[in-house]
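1. Pasting the sequence and the predicted model now:
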Amino acid sequence: MVKKRKVFQGGNKRSQAEADEVDDLESRIQELQDAAEDNKGSGPTGTGIIWNFDNLPISRYTLEGLRAAKYTRLTAIQRAALPSTLAGHDVLGAAKTGSGKTLAFLVPAVEKLYRLKWGKLDGLGALIISPTRELAMQIFDELRKVGAKHDLSAGLLIGGKNVKEEQGRINAMNILVCTPGRLLQHMDETPGFDASALQLLVLDEADRILDMGFSASVNAIIENLPRQRQTMLFSATQTKSVKDLARLSLKDPTYISVHAEAIAPTPVKLQQAYVVCELQDKLNVLWAFIKAHLKAKILVFLTTGKQVKFALEAFRRLRPGVVLRALHGKMKQMKRMAVFYDFSEAKTGTVLFATDIAARGLDFPTVDWVLQVDCPEDVASYIHRVGRTARYVSGGKSLLMLLPSEKEAMLKQLEGAKVPLKPLKINPNKTQPVSPALQALLSKNNDLKELAQRALVAYVRSIFLQPNKAVFDASALPAADFALSMGLTSVPKLRFLKRHSPKKALKGPGSSPGDEDKLRPEERLLPGHHAESLSAAQLAAGESASDEGSSEPELGSSDEEDEHPDSAADLDTERLLRRGTKRSREEAAEGAVPESLAGHDRDAAGASKSLGPGDLHGSSEGEGAAEEDGFLVVKRRDIFDAAPALSAPAATETGEQKKQKRKKLKISKASASGSRMVFDEDGQAQDPLAQLSLPGDSRDEENEALTAEERFRQAREAMRARDAADRAAQKAARREKKLARKERLRAGAAAEAGDDAGVQLRVTGSSGDEDMQEDHNSGQESSGSEADQVGTDRVKLEPARPKAKPEVAHLGMQPRKAMGSKTGAGRSETEFNIGHESLSIAEQESLALEMLSRSK
Ligand SMILES: Nc1ncnc2c1ncn2[C@@H]1O[C@H](COP(=O)(O)OP(=O)(O)OP(=O)(O)O)[C@@H](O)[C@H]1O
């Protein structure tokens, strides 16, 4: 450990007092250590245990900050961890969700730098890494409380824009709270970025950060950090993987697990239940649940961002009588922040539909219910999701919805982890079918229909890609019934299934009755009982059960995101997922093609060979990595990989073509690109060689995605053009009629004038433009923060709530000063301008903190 304790200079009173305090603290820490050694085995509740912050060997500045935040008594994990972490040990901390792990690492971080008398010129002293932006924001806010009286600077680095602005200040920061991708970007691009003096590294949600999804980023970050440092890992589901720990060069780490002996890994005051529910009933049950809990604050987990969007847009039109919000990884940063803080502030009658980006660490106050509409990918994910309620000393409830096909294996895994779950039964008399209403909505609204199609495809894909085949069985999904329940009259194309399956194995016209048994699971996905006349092969090929099928947009591989296209990230995501990693299914299911379809067999002569679902458990080494929300991806993405497998079938390839293909693959693999990443404005990482990727190869999956997107765009434009032409024609007709009427009246008047000059004429009528606009803005359930437009031609559902102009953020921990009169504390909320896209990250951070502080 680098001990660079400084001699206090200046001789002023404060410095001398600080120096004395530091000496005192160090001897008290030593005593605490000795006592802990003597007391070994007594546990966190044993004798000699410190119960209050006041009795800890921490500085008075920290104590003041803690007191101001009303933190007085230590939680179990704080009692157990702080003696070790204050003494500078490497620690693996595990404790239930909502048990106060954040302070268990923030207090020692601040204290360490204080005792080393860290100053501005000493640079970066502590680094805290979080897997999501929202969690980083929350940690940063806690840090500001703990460090309010210290003379340290701290910065929040989370993806977004204005990297340049951050670059100007980052080198003056003593503590950084960040997401891995953004940090790596600065390490790579910011001139003079120096972490060589780093004293302390914290990984919050360590198991998530260390899983394969972040592998490349974390390895690259660690390479840039000094080995001599204190490292702390915290999570409710702590990793003990030797491999992970070896990567971090931990030194004799202390494993602190305060709830290891607990009856359950979940909070005591959490009531947990599950229901078994058919896929096609899920929306009905969700709707009924919301209607039955109009006063509750509910967090609803769905697998993919597209399902989240669909649930929001569909339900808000059905007006359940509660506020609806949505949070997923592809929303723009400002929207994410607004939703995050809105839901934090919300007291009752609010439902947040979210993906797993909200599963970890987020401390939304007073959530009554966590509803898992889609099964979590594993037990850890379950524990984190339900942990958004029953935090600290509060109670809460959770309900898990399981498909019949998921029930047995998932319950077994949860029971194995000692999760106490009660079975519940759905009372069919109390559910209200929403499907007919959705069908009516979708029939009038093409954008919503597209959204439904994408949501369905994304969900099916996510199940299809799940490595945990014991729980997730794509073949058991009743896709046609599911489609109907969403208001769709047909199943959208599921091309990834088609590509995955050799044609001859698919059931099609002429297949014999026994053939079905020979089908692979994903081919059996689409049942005959609803799409009566259609075989799996036809459905997979995108043939529709309805007569409007021919006009269905092609879905499956493109699945574009209208807000934040990130198909490149998704490609990597799926690749990783297929290798058995624990990537978030949201990322994976949002689009792209499984690796096996995108060139897994590229070197093999027979490209027709494809992998079965069991092959998902492949190599454990992933090449790429994407952050949870895909805002920054470090990827060694082989664009060249994808194209050849998607080109002409192998059988038709000439030897020369194969040679060419291999040549290209060689280029992509060659170290010429090195590991250096190029980042675009949005923080997206790009392999420099990606720019050389096969131009014009429409079979490249990405290109295909773009082509589909382009098709949608063209179709929309054509429709809009037709609409505009129709409207113009109608308008012209109306105008003509009006003129004719006027003419008639004038002529009549002139004639009458001759008879009776005393009568005055008045012409009435509309002023001309009578175009009708659909009012999407009625109903209290409209979400102001999730202002997603379903399509480009849609009237905005609700105007972005006007917000204040953000102040320029001061990254230091001292209370910031408002800039100018506009940012005074008394400013009303309506002055905010959340929708402003050009805010710097510093401004966003400032705004977020201001909103948060007002929410407390
Ligand atoms: N000593 C304390 N006294 C009072 N409240 C506390 C204390 N420590 C933490 N809390 C509160 O408990 C809540 C949960 O804390 P925190 O977010 O740190 O939990 P966590 O263990 O990190 O949860 P998760 O595993 O979900 O990330 C927060 O609202 C926090 O303010």
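-> Nice, thanks for sending it over. Numbering: from 1, shown residues only.
2. what's residue 92 sitting at in phi/psi?
-> Backbone torsions for residue 92, taken as degrees, to the nearest 10, come to phi -110, psi 110.
3. Quick check: the gap between it and residue 258.
-> 12 Å (C-beta to C-beta, to the nearest Å). C-beta coordinates here come from the backbone N, C-alpha and C atoms, glycine included.
4. and what of residue 55?
-> Distance of residue 55 to residue 258, computed by C-beta to C-beta: 18 Å.
5. Repeat that for residue 721.
-> Here residue 721 is placed at a distance of 65 Å from residue 258 (C-beta to C-beta).
6. Same question for residue 333.
-> 35 Å.
7. Quick check: residues of this protein near the ligand?
-> Within the chain, the residues that sit near the ligand (C-beta under 6 Å from any ligand atom) are 71, 73-75, 78, 95, 97-103, 236, 361, 363, 387, 391-392.
8. gap between the closest residue to residue 327 other than its chain neighbours and residue 237?
-> Spatially, and ignoring its direct neighbours in sequence, residue 327 is nearest to residue 354 (4.3 Å; C-beta to C-beta, 6 or more residues apart in numbering). Using C-beta to C-beta, residue 354 is found at 19 Å from residue 237.
9. In terms of neighbours, single out the busier of the two.
-> residue 354 (28 against 22; other C-beta atoms under 10 Å).
10. So that one is in contact with residue 326, correct?
-> Yes: counting by C-beta atoms under 8 Å, residue 354 touches residue 326, with 7.1 Å between them.
11. Give me the common contacts of the two.
-> Taking C-beta atoms under 8 Å, 6 or more residues apart in numbering as the contact rule, residue 354 and residue 326 both touch residue 308.
12. contacting residues for the closest residue to residue 76 other than its chain neighbours?
-> With sequence-adjacent residues excluded and distances taken as C-beta to C-beta, 6+ apart, residue 76 is closest to residue 258, at 4.4 Å. Taking C-beta under 8 Å, 6+ apart, we find residue 258 in contact with 44, 76, 77, 80, 94, 95, 99.
13. what's residue 258 sitting at in phi/psi?
-> phi -80, psi -20.
14. I'd like to know how far it sits from the ligand.
-> Here residue 258 is placed at a distance of 10 Å from the ligand (C-beta to the nearest ligand atom, to the nearest Å).
15. got the residue ranges for the strands in the stretch 151-300 of the chain?
-> Taking DSSP state E, counting those that start in this stretch to define them, one finds strands in the stretch 151-300 of the chain at 154-157, 175-178, 200-204, 230-235, 254-257, 270-276, 297-301.
16. Residue 121 is nearest to which of those strands?
-> strand 175-178 (14.7 Å; C-beta to C-beta).
17. List the neighbouring strands of the closest one plus their orientation.
-> The strands beside strand 175-178 in its sheet (DSSP bridges) come out as strand 126-129 (parallel), strand 154-157 (parallel).
18. Could you tell me the least trusted of the ones you listed?
-> Mean pLDDT per stretch puts strand 154-157 lowest among the strands paired with strand 175-178, at a mean of 94.
19. Lowest mean pLDDT among the helices and strands, pick that one out for this structure.
-> One helix or strand of the chain scores below all others by mean pLDDT, DSSP states H and E: strand 633-634, with a mean of 20.
20. Quick check, pLDDT for the residue in the stretch 151-300 of the chain that the ligand sits nearest to.
-> Residue of the stretch 151-300 of the chain nearest the ligand, by C-beta to the nearest ligand atom: residue 236 (4.1 Å). Residue 236 carries a pLDDT value of 95.
21. what's the answer for residue 693, then?
-> For residue 693, pLDDT reads 29.
22. Ok, residue 433 next?
-> Residue 433 is given a pLDDT of 88.
23. repeat for residue 551
-> As predicted, residue 551 sits at a pLDDT of 29.
24. Please pull up the helix or strand immediately following the helix or strand that contains residue 307.
-> Following DSSP states H and E, one finds residue 307 within helix 305-318. Note on helix 305-318: by DSSP H and E, the next helix or strand toward the C-terminus is strand 323-327.
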